[in-house]
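> give me coordinates for this.
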Amino acid sequence: MNLLLLSNSTQHGRGYLAHALDTVTGFLPPRARLAFVPYALADHDTYTDRVRGALDGTGISVRGVHEGDDPVAELAAADAVFIGGGNSFRLLSTLYRTGLRDALIKAAGSGLPYMGASAGTNMAAPTLRTTNDMPIVQPPSFETLGLVPFQINPHYLDPDPSSTHKGETREERLTEFLEENDVPVLGLREGSWLRVNGERATVEGACDARLFRRGAAPRELAVGTDVSELLDGKPRFDVRD
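Model (predicted):
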């Protein structure tokens with residue numbers, strides 16, 4: 001697998017992809033034809049134009065998979081794929097409907113560079129069960145692409161000890177997930193990302209990540225930490241309806 005999984009596409013005070021632009025352009029093949037999957041947002045054309053603008057001048061050409069008659073054919077013609085953020089339930093529902101889910105699994109498994117941000121990063125995990133999003137639509141299944149065998153929580157937020165909000169913190173919600181599912185969860189803070197190259201996986205970006213496992217205290221992962229051991233695991237879900 002050749003994966004770049006960003007927690008977020010926009011950092012506070014910066015433009016779209018600006019905080020990770022050097023990493024993005026280093027990850028994508030030179031002068032690549034990039035297939036962009038805009039289905040996490042409702043306005044596909046505007047979203048695609050935003051990605052084009054962010055990559056203008058890099059030599060990378062961007063084409064939305066919705067811009068032709070067949071999204072699967074658009075993917076097949078590309079040198080790399082980028083799935084943008086938005087609502088993960090809407091995104092996954094559309095991947096199923098268009099046939100892109102199976103096509104993405106096959107393409108990424110065959111080595112096509114796969115870049116995700118937020119909802120697009122959620123898609124790389126086995127299921128949607130650790131997304132932060134509201135289920136505004138109901139996909140046929142919670143099963144995503146399974147490009148990595150562990151869950152990811154983009155936009156991970158640490159508990160705020162000064163907050164008076166009494167709802168669950170992100171840490172508490174992920175702990176609840178692990179009460180029902182025995183699979184690691186990698187919390188990616190804003191500005192961080194996961195790089196997977198073959199059998200090697202590394203935490204990268206501007207801030208540390210946080211790893212959650214059943215029966216263990218959360219573990220801080222400094223930037224540069226090799227987390228390749230996570231690629232060896234197989235997800236074991238105990239779903240209780």
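
> please report the distance of the residue nearest to the spatial centre of the chain from Ile60.
Taking Cα atoms, centre = their mean, the centroid of the chain lies closest to Thr121, which sits 0.3 Å from it. From Thr121 over to Ile60 the distance is 19 Å, taken as Cβ to Cβ, to the nearest Å. (Glycine included, C-beta is placed from N, CA and C.)

> related to what we said a few turns ago, which SS class is the residue nearest to the centre of the chain?
Classification of Thr121 using DSSP: H, G, I helix; E, B strand; the rest coil returns helix.

> tell me the contacts of it?
5-7, 85, 152, 154, 188, 194 (Cβ atoms under 8 Å, 6 or more residues apart in numbering).

> please name the nearest non-neighbouring residue to it.
Using Cβ to Cβ, 6 or more residues apart in numbering and skipping the chain neighbours, the partner closest in space to Thr121 is Leu5 (4.3 Å).

> who's the closest residue to Ala77 other than its chain neighbours bridged to?
Counting by Cβ to Cβ, 6+ apart, Ala77 lies nearest to Arg33, which is 6.9 Å off, once chain neighbours are set aside. On the basis of DSSP bridges, Arg33 is bridged to Ser61.

> how many other residues sit next to Arg33?
Neighbour count for Arg33, taken as other Cβ atoms under 10 Å: 15.

> now the one 5 residues further on
The local packing of Pro38 (other Cβ under 10 Å) involves 25 other residues.

> could I get the phi/psi values of it?
Backbone geometry at Pro38, expressed as degrees, to the nearest 10, gives phi -100, psi 10.
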